[in-house]
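> take a look and give me a structure for this.
(3 chains)
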Amino acid sequence: MDSKNPSRRPVQTPPPVAPGSDASAADPLLASLNPAQREAVLHDDGPLLVIAGAGSGKTRVITHRIARLIRDGTAADGILAITFTNKAAGEMRDRVEALLGVRSPWISTFHSFAARLLRRHIYRLPPYSTSFTIYDEEDVEALLREIVRGMDLDPAAWAPRSLAAKISMVKNKGVHDAGELPLRGRYEDQVFQEALARYGRGMQERNALDFDDLLLLTVRLFTTPSDLLDRYREQFRYVLIDEYQDTNFVQYRIGHALTEKSRNLCVTGDPDQSIYSWRGADPSNFRRFETDYPEAHRVTLDQNYRSTRRILRCANAVIRHNSDRQPKDLWSENPEGERVRIRRFADGREEAAAIAARIQELNDGAKPAGAIAVFYRINAFSREIERALILSGIPYVVVGGVAFFQRREVKDVLAYLRILSNPRDSQSLLRIINTPARRVGPAAVDRAAERAATARLSILDVVLSEAHRGTFPSAARRGLDEFAAIYRQLHALPRSPVFSLVEAVLASTNYVQHIQRSEGEEANERIRNVGELENAAAEYDDRVPGGDLDGFLSEIALLTSVDRWDDRKDRVSLMTLHSAKGLEFPAVFILGVEDGILPLGRSRLNPDAADKADLEEERRLLYVGITRAREELMITHTRERLRFGRPAPAFPSGFLEEMVDHDSEPGIDAGGAVELGKGSRGASGGLRMEVEDSPNDFNSDDGFGGDGDDGDDPFPPGARVRHPRYGEGTVVGGWGLGARRRLTIRFDRAGEKQMVLGFAKLMRIW
DNA sequence: ACTAACTTAATTTTT
DNA sequence: TTAAGTTAGT
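Numbers count the residues shown, from 1 in each chain, chains lettered A, B, ... in the order given. As a prediction, the model looks like this:
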């Protein structure tokens, strides 16, 4: 974390000086490091593997190592450092510069590195050209939708989204062309192969790359015979890769290609924090590293400087339940700290209100809003907490969520810029050819696409050509004329500053007026967003000397969800657990820790749905969340959750029971749960969890509401319920526990039915 | 070709 | 609940 906000400065205390290391102690780059950290910083040539637990000062090690390499004679541009977010890259750059007062080396994400490399060299990989466009998910899905239509496939069975995911998975394994797919005879495989082939051709025609292409084509640049790889190997004497547990195979190959000769690859990470395997990340890259670099030196950092001991015990207790891991417990010399609070609420509203209330208390104490974060598993859960914070007048910022650059109005304006940059980007062209509306409908678009195909021209060429345009019906023709005029006017402008280009787009299209006309209440917000885009362009012009349109477009395409987050402002930060990776806050709230949410899916009622690997990744996600907290941690769940606007019963996550550290004194406070807690039936589970205040059913045998008749059962016999299909009825019996509980319900009209609580969309009436 | 009214699907997580 | 996609009427 950056230290601009004093409330979030790392709590690292200077560790004791290692015995017999006077020389080291005198070195300012080593003075504040513990022996293991020093070892990593001082390690000279050759591969280095740093297993760094949460809060163990990993970033410190990396920055100090870079600084040391430079001080000891390595040229700054002889070092390449890869981080997980652009924000982390920026902070690392600042830190290195602060340590040495020199220009920092090349630090960026894999994707940004690849984009920069490709801008320079992609001409070697025809038909791509330097002004390629980076497609985001939406662009990719739009193209796939077209392909699915073109292949006459059932759009339900071949949803663009899952198709995109599948394509990405394949690419992450290193397959780029359909021809490289292992051939099997199954119909689905053949269809997939054909779709992939069409997708590849479509992207090439458009001179467009998706996120995976950036990496894959970089590998291809390096493996296509030329002097290029040698040149970069020569340049990057040292390569460092952070968050190694979340790199994929293609990224591995990039790192390996660069360092196969020099052997100077340093990787840092923590297998317990691997949370992106769904995106192709492959933690076995650690193993691969040790195979490919058998001489690697290994350093483990397990002293935590961030969290209180209670928080750490909670984290250790959770992660210990993962079987697929090397045992590793974090330890700390930090104070014991406050108890970790686990709280249950009736519904999301109460949960949010309670969190807001606690935040208020913290604000009144020593913790400003900027010291506090709220994490959730899915973005949709930000709503309720936002509402509560607004109600309490607490300033907040949602990190990530619906990304700014994905907003419709922003993408429209960007589409004008993209078609300027890359005339082959027909996806962008089609987006704006009739936006603002100029009477160019689907029929005209189809026709233009057809003519383009037969004349072997781009659609833009057809639109720009007087001759082709003349063949359209008069209304569409006038619209196309108008578009062509706008395009020509914009095209004549210089490619920088970008700000002027944005202005020109807005002016020539009357875009703001268009918003006012077509949008109702949201018009103002959308206009504000367009204004923010102007700011972003101006800011880019200022910050990047020599930057042009291409640079601006690739930068915003590769922004990570935390990149736009200004952590210097004093606001509560709201984000997903995924976005929380790498961050830390004095106080952390994790909400919605419920079965089916965290772990997401249906693991408890339906253990087969999520396999063990998925479950363990969910557990790591919680572990990441817990270990973000420095002093205060509160974890909440509810008994009822709105699903698609309808209330549905919710059950505590199985992970909650795991938080108890059996081997040491209690660090968890599961008491004080509001209302409802009528007390548990017999705390028979022994010392499962220390509960101080009003005990709730954490103490019962399974951590869930029982099968009995007390206030803990959301649907006791006699309860009246409503079902969307069967109408109203009365619960007459039940069997089983938690979400798996089977209820027998006598419906007034439909008769008696058995249903599983977790699946049935039941609402209690009284 | 455009608009308004309808249906329906979606919730992982993100470069 | 909400957004996006579909259909029917102008």
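> in the sheet, who's paired with A:Val572?
Counting by DSSP bridges, A:Val572 forms beta bridges with A:Tyr396.
> give me the residue from chain A nearest DNA strand B.
A:Gly441 (2.2 Å; CB to the nearest atom of the strand). Every residue, glycine included, has its C-beta placed from N, CA and C.
> so that residue touches A:Arg447, yeah?
No. Using CB atoms under 8 Å, A:Gly441 makes no contact with A:Arg447, being 10.1 Å away.
> looking at these two, which one has more neighbours?
Per other CB atoms under 10 Å, whichever of A:Gly441 and A:Arg447 has more neighbours is A:Arg447, with 17 against 13.
> how about the secondary structure of the more buried one?
State at A:Arg447, reduced to three classes by DSSP: H, G, I helix; E, B strand; the rest coil: helix.
> CA atoms only: put stretch A:185-205 into PDB for me.
C-alpha atoms of stretch A:185-205 as PDB (Å, rounded to 0.1, in the frame of the first residue of the first chain):
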ATOM      1  CA  GLY A 185     -15.000 -36.400 -33.000                       C
ATOM      2  CA  ARG A 186     -17.700 -35.100 -30.700                       C
ATOM      3  CA  TYR A 187     -20.200 -32.700 -32.300                       C
ATOM      4  CA  GLU A 188     -19.700 -30.100 -29.600                       C
ATOM      5  CA  ASP A 189     -16.000 -30.200 -30.100                       C
ATOM      6  CA  GLN A 190     -16.300 -29.700 -33.800                       C
ATOM      7  CA  VAL A 191     -18.700 -26.800 -33.300                       C
ATOM      8  CA  PHE A 192     -16.300 -25.200 -30.800                       C
ATOM      9  CA  GLN A 193     -13.400 -25.600 -33.100                       C
ATOM     10  CA  GLU A 194     -15.300 -23.900 -35.900                       C
ATOM     11  CA  ALA A 195     -16.400 -21.100 -33.600                       C
ATOM     12  CA  LEU A 196     -12.900 -20.600 -32.400                       C
ATOM     13  CA  ALA A 197     -11.700 -20.500 -36.000                       C
ATOM     14  CA  ARG A 198     -14.200 -17.900 -36.900                       C
ATOM     15  CA  TYR A 199     -13.500 -15.900 -33.800                       C
ATOM     16  CA  GLY A 200      -9.800 -15.900 -34.700                       C
ATOM     17  CA  ARG A 201     -10.500 -14.800 -38.200                       C
ATOM     18  CA  GLY A 202     -12.900 -12.200 -37.000                       C
ATOM     19  CA  MET A 203     -10.400 -10.700 -34.600                       C
ATOM     20  CA  GLN A 204      -7.700 -10.700 -37.200                       C
ATOM     21  CA  GLU A 205     -10.000  -8.900 -39.700                       C
END
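> contacting residues around that stretch?
Under the contact criterion CB atoms under 8 Å, 6 or more residues apart in numbering, stretch A:185-205 has outside partners A:127-128, A:135, A:143-144, A:146-148, A:150-151, A:153, A:158, A:163, A:166-167, A:170, A:176-179, A:181, A:183, A:209-210, A:213, A:424, A:426.
> just the buried ones from the residues you listed?
Listed as buried from the contacts of stretch A:185-205 are A:128, A:135, A:143-144, A:146-148, A:158, A:163, A:167, A:170, A:176, A:178, A:209-210, A:213, A:424, A:426; burial here means 16 or more other CB atoms under 10 Å.
> compute the number of surrounding residues for A:Asn535.
As a burial measure, A:Asn535 scores 11 neighbours (other CB under 10 Å).
> quick one: the helices in the stretch 351-500 of chain A, in order.
A:382-392, A:408-421, A:426-432, A:442-455, A:459-464, A:466-469, A:474-491, A:498-509 (DSSP state H, counting those that start in this stretch).
> nearest approach to DNA strand C belongs to which of the ones you listed?
The closest of those to DNA strand C is helix A:408-421. By CB to the nearest atom of the strand, the value is 6.3 Å.
> do that closest one and DNA strand C meet?
Yes. Helix A:408-421 lies within reach of DNA strand C by CB under 7 Å from any atom of the strand, at A:Arg408.
> and that helix, average pLDDT?
Here helix A:408-421 scores 90 as its mean pLDDT.
> which of the residues in it are buried?
Across helix A:408-421, burial judged by 16+ other CB under 10 Å covers A:409-421.
> which residues are contacting the helix or strand A:Arg149 falls within?
Assigned by DSSP states H and E, A:Arg149 falls within helix A:137-150. The contact list for helix A:137-150, computed with CB under 8 Å, 6+ apart, reads A:135, A:155, A:158, A:160-161, A:163-164, A:167, A:195, A:198-199, A:202-203, A:206, A:208, A:210, A:406, A:411, A:427-428.
> next SSE downstream of it?
Later in the chain than helix A:137-150, the nearest helix or strand by DSSP H and E is helix A:160-172.
> could you tell me how far that following helix lies from the centre of the chain?
Put simply, helix A:160-172 sits 17 Å off its chain's centre (CA atoms, centre = their mean, to the nearest Å).
> cool, and stretch A:395-405?
Distance of stretch A:395-405 from its chain centroid, counting by CA atoms, centre = their mean, is 12 Å.
> does it reach DNA strand C?
No. If you take CB under 7 Å from any atom of the strand as the test, stretch A:395-405 misses DNA strand C, and the best it gets is 8.0 Å.
> give me every residue that touches A:Ser428.
Here A:Ser428 is in contact with A:133, A:139, A:414-416, A:418-419, A:422 (CB under 8 Å, 6+ apart).
> go with 7 Å
Contacts for A:Ser428 (CB atoms under 7 Å, 6 or more residues apart in numbering) come out as A:415, A:418-419.
> ok, back up a step: return the member of the buried residues of helix A:408-421 nearest to A:Ile372.
A:Val410 (29.1 Å; CB to CB).
> test my guess that A:Thr509 contacts A:Pro436.
Yes. Assessed by CB atoms under 7 Å, A:Thr509 is found in contact with A:Pro436 at 6.0 Å.
> quick one: which of the two has more around it?
Shown here are A:Thr509 and A:Pro436; by other CB under 10 Å, A:Thr509 has more neighbours (21 against 15).
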